[in-house]
Structures are given as structure tokens and as C-alpha cells.
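Student: Structure for this input, please:
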Amino acid sequence: MKLDVIKLDGGTAGSVDLGEDIFGLEPRADILHRVVRWQRNKRQAGTHKVKTRSETSYSTKKIYRQKGTGGARHGDRNAPIFRKGGIYKGPTPRSHAHELPKKVRALGLKHALSAKARAGELVVIEDASSDGKTKTLARQIKDLGWKRVLIIDGAQVNAEFARAAANIEGLDVLPSMGANVYDILRRDTLVLTKAAVEALEARLK
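Tutor: The predicted structure follows:
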């Protein structure tokens, strides 16, 4: 699969061959769903917490005598049936993460890249370099017509480029090892540098 390579200023820089086994697959929604669900569950904080009857602030005194009132038997006001009492079997802090085989994760990344390539939302640029000025990079992004874009670089992101991109709304920058299914799918355009293409092909072989 051949794709033209462009520069950030809009010029051309030849072409690149993309491996069919990574960029030419028929995207499978079930694989992408599994990986996105795994990622999002892993990111979930899991800090939800309620107070049990031992943690509420009412007195532990028995509210009225056991017999003779004509009402039900009760102990203290911390019981779950009372307003502002403790919650029975409520949520407690926990991890929402679950296991997903490495092969499925790798396959999900391949299908995400293939989905972008098939939809015409994959762009390859020569490199991601900048003078460090947000104004210059923002103008280049606007001229290229990119709005919600993820740029993936090689092993390391150029420091000047990362600084220039930090304040541009809708623009994310990741190194090749940070490439993941969720971030790729949530952006309208995926931009890879030539170094990123080489790194991803080496990672997913």
C-alpha cells in the first residue's frame, strides 16, 4: 500500500510503502471494542466510596425500647433503612482493570491503523519538527485542514514540536510506543511521521 508523504508546510516529500498486514486489514469492530473497553476500564479511577453503618455520624444508642411501642424493633439510627444511615453493600474503592491477551492488544492496534487508512483519515508526514512557536504550528495545521488530529512520532517526540503543540486545541502528540487504539479512534485524522511508520511496523511484526 503506497501513500504520499507530505511536509507540514504542505509540500510533497515522496511516498512510503505501508505493510498490508498492518495497514491493509479489514477492520473488525469486535476487536476494536474489546481493546477500547480494556483501555477505558484500566483508566477508570475506581475511587467511588459510600459510608457503611460503622462510618456514619449518628449515635449508637438504641432509639427506643425493644417492646411495647407497637413499632418494629430497631437499634441505632445508623441502620441502612433510615435516612442518612449507612449504605448496605455500596461501592468501595477498587480497580476496574481486567486482563486482555497481548496478541489481542496488538491486533486491535493493527485494526485501528487499518480503519484509519481505509477511511482515508491517515496522513504520513516527513517529520514532526517546529521552531517551538505555537502560532506557526497552528497556522500550518489550519492550512492543512486538520481539526481533531493525533500526531504519532518516532521513539521520541521533538521537544520544540511538543512545546508548540501543547496549547493547540484538538491536537495530541504521542511517541510511537504511546500509540493506542482509543486515542487513534477518537480523533478524526491520524498523522504518522516516517519514523513512526518504521517504529510501528517493527513493533507489530
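Student: What is the burial count for Thr136?
Tutor: 14 (other C-beta atoms under 10 Å). Every C-beta, even on glycine, is put in place using the N, C-alpha and C of the backbone.
Student: who's in contact with it?
Tutor: Ser130, Ala164 (C-beta atoms under 8 Å, 6 or more residues apart in numbering).
Student: doesn't it fall inside a helix?
Tutor: Yes: judged by DSSP: H, G, I helix; E, B strand; the rest coil, Thr136 forms part of a helix.
Student: Ala117 versus that one, what's the distance?
Tutor: As for Thr136, its distance to Ala117 is 29 Å (criterion: C-beta to C-beta, to the nearest Å).
Student: ok, now Gly71?
Tutor: Gly71 sits at a distance of 71 Å from Ala117 (criterion: C-beta to C-beta).
Student: And these two? Which one has more around it.
Tutor: Ala117 (20 against 8).
Student: so that one makes contact with Gly24?
Tutor: Yes: Ala117 lies in contact with Gly24 (C-beta atoms under 8 Å); the separation is 7.1 Å.
Student: what is in contact with the two at once?
Tutor: Met1, Leu18.
Student: shaky segments in the chain?
Tutor: In the predicted model, the chain carries no residue with pLDDT under 70.
Student: Kindly provide the distance from the residue of it most remote from its centre to Lys62.
Tutor: Here the chain reaches farthest from its C-alpha mean at Gly68, the gap being 61.1 Å by C-alpha atoms, centre = their mean. Going from Gly68 to Lys62 by C-beta to C-beta gives 13 Å.
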